[in-house]
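Trainee: give me a 3D structure for the following:
(chains A and B, ligands or ions: 2)
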Amino acid sequence: MTTLINPEAPVGAPLGKSSRPRDALFAGISRGSGIVVLIVMGAIGVFLLWKALPALSANTASFLTTSPWFPDDAQPKFGIAALAFGTLLSSVIAMVIAVPVGIGVALYTAHYAPRRFAPTLGYIVDLLAAVPSIIFGLWGLQILMPNSIGLWRWLDDHFGFIPLFSNEQNIYTRSIALAAVVLAIMILPTVSAISREVFAQVPPGHIEAALALGATRWETMRTAVFPFARPGMVSAAMLGLGRALGETIAVALILSATFKINWQVTEPGGNTFAANIALKWNEAGTIGLGALIASGLVLYVITFAVNMAARLVVERRRDFSGAN
Amino acid sequence: MAKRIDVSHLNVYYSNFLAVEDVTLAVEPKAVTAFIGPSGCGKSTVLRTLNRMHEVTPGARIEGKIMLDHEDIYGADIDPVNVRSTIGMVFQKPNPFPTMSIYGNVVAGIKLKKRTKRSELDDVVEASLRGANLWEEVKDRLDRPGSVLSGGQQQRLCIARAIAIQPQVLLMDEPCSALDPISTLAIEELIHELKQRYTIVIVTHNMQQAARVSDTTAFFNIAGTGKPGKLIEMNTTANIFSSPTEKATEDYISGRFG
Ligand SMILES: Nc1ncnc2c1ncn2[C@@H]1O[C@H](COP(=O)(O)OP(=O)(O)OP(=O)(O)O)[C@@H](O)[C@H]1O
Ligand SMILES: [Mg+2]
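Mentor: Ligands and ions are numbered 1, 2, ... in the order given. I've put the predicted structure just below:
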């Protein structure tokens, strides 16, 4: 038992003055850590900007709207349009696949699976998170790619009228779609593990309340479980998105890098910030390095913005969070 | 509106553990029946079998028969979901949905069953909150979360939520044990009004409360740890408290026990 009353507090100490050294120490440490984190984040931003500035000022094209990447030409010409496009599109597709599946798996393990079986299932999903990304990349390249051609062709044949699925080259390998599926599998354990935790934290009282109103199992999920778990599910999705946005090696292995904006996601090509940095770093000249760093800065800002947006979504209905 | 419940030869098991043995009792409509007895004697267990809430607990099962008027609630073709919307429940710890407004909490049960027009919902909300003696206190802040209310108000909100779906029977498991005396009094008065329209079963540890609110009292007891709980005696509340036939009942209500 820890006692709530500080035994060191002098008897009859003046009420107005705080004389709790350990409280003060703890407050100081936490405030200090917060400040350190902020400084480090700021310093990274400033560092990236500092290194990127020479390349940005040498650039003869618009950095934000150009797609081609020729930073080491006599007339440096580079922009992040295609990189941003490829990064966001592959991550969004990965989310569209991983979030429903991850939440479904989490819901099943937390509330539907037979009790003897649930922990094992959860454990297996968690193990997926421990697989290094290079393995996912190799698996995608060696196994998923040859075996998924039929699927992409089928999508092209039957849903080709949707620009996303049409494929004019009739080559179905090394595509954004393939990279997105691999990303989805990589972020699945993150989404699933966090969602499972929040589902398991729903107080039994809320679940019983819903059941006692005559809710079916699914209605109980909708009335008591999902609303309570919503902030946690948003965080889970955002953490997954963060990982997908920054994933380097698996994507670099799979994509055949091109600097074009192409909505036909099953065709070869596309590129992402992280993959591009990894692929181009060794061959880059001075301006080339600066250009890559500038693209890294954009990725940094995007990731930051995504997290802020997620925070806002979670905060908006704080009163109703059940935290009190 | 109100129906009677007949329990006959009820055994309740948690996996292999026999928690309650051979309970036979009748719950009269439009009256308050109180379950009293020492801790662990199976009051909550029996109460939860009355609307099949015990089925939420893995391994829990019953033997015996429970009739709601002329219908066997454990009949082969009976859906426990329908049983629970017919027999409502209020829990020991107030449990309004924290993510819903006061309004949303009251209509939560109705929204499950059918699409209802906003104006109709408004009427139900007012009627239910008035029914739970809460309307005057919350009518200006129906859109606030249920969790801003005091414990006693939250419990009345839960009662409003339970009566909004117009159940036949209301089961209450120690509804006042988390509340202060004033809130307790408010709920007791409410129970008094509710019995005009509903069949009520209440579990309580508070002998005075049983004496104040109930018409009939059932006394449960347990011979020792690991032994099943049993119904010792059931009679009008006046009789139980003035002239119990069993020695154990007398010991318990006079405080010489548990
Ligand atoms: N979920 C459960 N799993 C296993 N055993 C249980 C469970 N719930 C209750 N029991 C057992 O069943 C018996 C009756 O418990 P119950 O909760 O019905 O008692 P009670 O009369 O409501 O007690 P109290 O007055 O303390 O609430 C006890 O021996 C208890 O340990
Ligand atoms: Mg109990």
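
Trainee: how about low-confidence regions in the stretch 201-324 of chain A?
Mentor: A:317-324 (pLDDT under 70).

Trainee: burial measure for the one residue in it that gets nearest to ligand 1, as a count.
Mentor: Closest to ligand 1 within the stretch 201-324 of chain A is A:Pro204: 10.5 Å, counting by C-beta to the nearest ligand atom. In this view, the C-beta of every residue, glycine as well, is placed from N, C-alpha and C. Neighbourhood size, A:Pro204 [other C-beta atoms under 10 Å in any protein chain shown]: 10.

Trainee: gap between it and chain B?
Mentor: Separation of A:Pro204 from chain B (C-beta to the nearest C-beta, to the nearest Å): 8 Å.

Trainee: next, give phi and psi for B:Glu71.
Mentor: B:Glu71 adopts backbone torsions of phi -110, psi 130, taken as degrees, to the nearest 10.

Trainee: now the one 5 residues further on
Mentor: With angles defined as degrees, to the nearest 10, B:Ala76 shows backbone torsions of phi -60, psi -30.

Trainee: tell me the predicted confidence for it.
Mentor: As predicted, B:Ala76 sits at a pLDDT of 92.

Trainee: contact partners of stretch B:99-118?
Mentor: A:210, A:213-215, A:219, A:223, A:227-228, A:230, A:317, A:320-322, B:85, B:96-97, B:121, B:124-125, B:128-129, B:138, B:141-146, B:149, B:157-158, B:160-162, B:164-165 (C-beta atoms under 8 Å, 6 or more residues apart in numbering or on different chains).

Trainee: just the ones of those residues in helices?
Mentor: Residues of these located in helices (DSSP state H): A:210, A:219, A:227-228, A:230, B:85, B:121, B:124-125, B:128-129, B:138, B:157-158, B:160-162, B:164.

Trainee: tell me the contacts of whichever residue of the stretch 1-150 of chain A sits closest to ligand 1?
Mentor: Nearest to ligand 1 in the stretch 1-150 of chain A, going by C-beta to the nearest ligand atom, is A:Arg115, at a distance of 13.0 Å. Applying C-beta under 8 Å, 6+ apart, we find A:Arg115 in contact with B:Pro58.

Trainee: for A:Thr303, same thing?
Mentor: A:Thr303 touches A:Gly242, A:Leu245, A:Gly246, counting by C-beta under 8 Å, 6+ apart.

Trainee: which helix or strand contains B:Val20?
Mentor: Element membership for B:Val20 (DSSP states H and E) is strand B:17-27.

Trainee: how about the helices in the stretch 101-250 of chain B?
Mentor: Listed in chain order, the helices of the stretch 101-250 of chain B (DSSP state H, counting those that start in this stretch) span residues B:102-113, B:118-131, B:135-138, B:151-164, B:181-194, B:207-213, B:237-242, B:247-253.

Trainee: no no, the stretch 51-200 of chain A
Mentor: Using DSSP H, counting those that start in this stretch, helices in the stretch 51-200 of chain A cover A:81-107, A:118-129, A:133-139, A:145-159, A:176-201.

Trainee: pLDDT weak spots in chain B?
Mentor: Chain B contains residues with pLDDT under 70 at B:1, B:256-258.

Trainee: for chain B, give me its nearest residue in the stretch 101-250 of chain A.
Mentor: Going by C-beta to the nearest C-beta, chain B is nearest to A:Gly214 of the stretch 101-250 of chain A, at 2.7 Å.
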